[in-house]
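Asker: Build the 3D model from these lines:
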Amino acid sequence: MPSQSEKEKRKELLNRFKKEEENKFLDSLPIDKQKFQELFHFLDQELEAGCNHDLRLTEKYLNSNNLPINKTLDWLRENGGYCDCEVLFNVEEKSED
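Answerer: Residues are numbered from 1 along each chain as shown. Modelled structure (predicted):
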């Protein structure tokens, strides 16, 4: 059975690893984190009528905010956002971790 100091050391290492992963994720964002939060809010409102299973709404948001479209869409796809609802379900979840 590990000692208390050993448990604390493991916990510290785990926390450090989680923080490093979070920093890597944030550094990889193609747009400002605040803009992503606004995108999620926009999609949440717009998807009440359902998803068309494309990125039409995401593109609309990016376009209306003069944000890089292709770079952002590529990044979203790499992170599980292949349509507007997946941007909410997959990418937003990662950004909250």
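Asker: now for the longest helix anywhere in the chain, which elements pack on it?
Answerer: In the chain, with assignment by DSSP state H, the single longest helix is helix 4-28. Taking 3 or more C-beta pairs under 8 Å, 6 or more residues apart in numbering; DSSP states H and E as contact, there are no helices or strands that helix 4-28 lies on. (Each C-beta comes from the backbone N, C-alpha and C, glycine too.)
Asker: Show me which parts of the next helix or strand after that helix are buried, residue by residue.
Answerer: Tracing the chain past helix 4-28, the next element assigned as helix or strand by DSSP states H and E is helix 33-46. With burial defined by 16 or more other C-beta atoms under 10 Å, the residues of helix 33-46 counted as buried are 35-36, 39-40, 42-43, 46.
Asker: Now render these as JSON lines, adding pLDDT.
Answerer: JSON lines is the format used below for those (pLDDT from 0 to 100):
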{"residue": "35", "pLDDT": "95"}
{"residue": "36", "pLDDT": "92"}
{"residue": "39", "pLDDT": "97"}
{"residue": "40", "pLDDT": "96"}
{"residue": "42", "pLDDT": "97"}
{"residue": "43", "pLDDT": "97"}
{"residue": "46", "pLDDT": "95"}
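Asker: mind listing what residue 26 touches?
Answerer: For residue 26, the contacting residues are residue 33, taking C-beta atoms under 8 Å, 6 or more residues apart in numbering as the criterion.
Asker: tell me which residues in the lowest-mean-pLDDT helix or strand in the chain are buried?
Answerer: Lowest by mean pLDDT, DSSP states H and E among the helices and strands of the chain is helix 92-96, with a mean of 77. With burial defined by 16+ other C-beta under 10 Å, the residues of helix 92-96 counted as buried are 92, 95.
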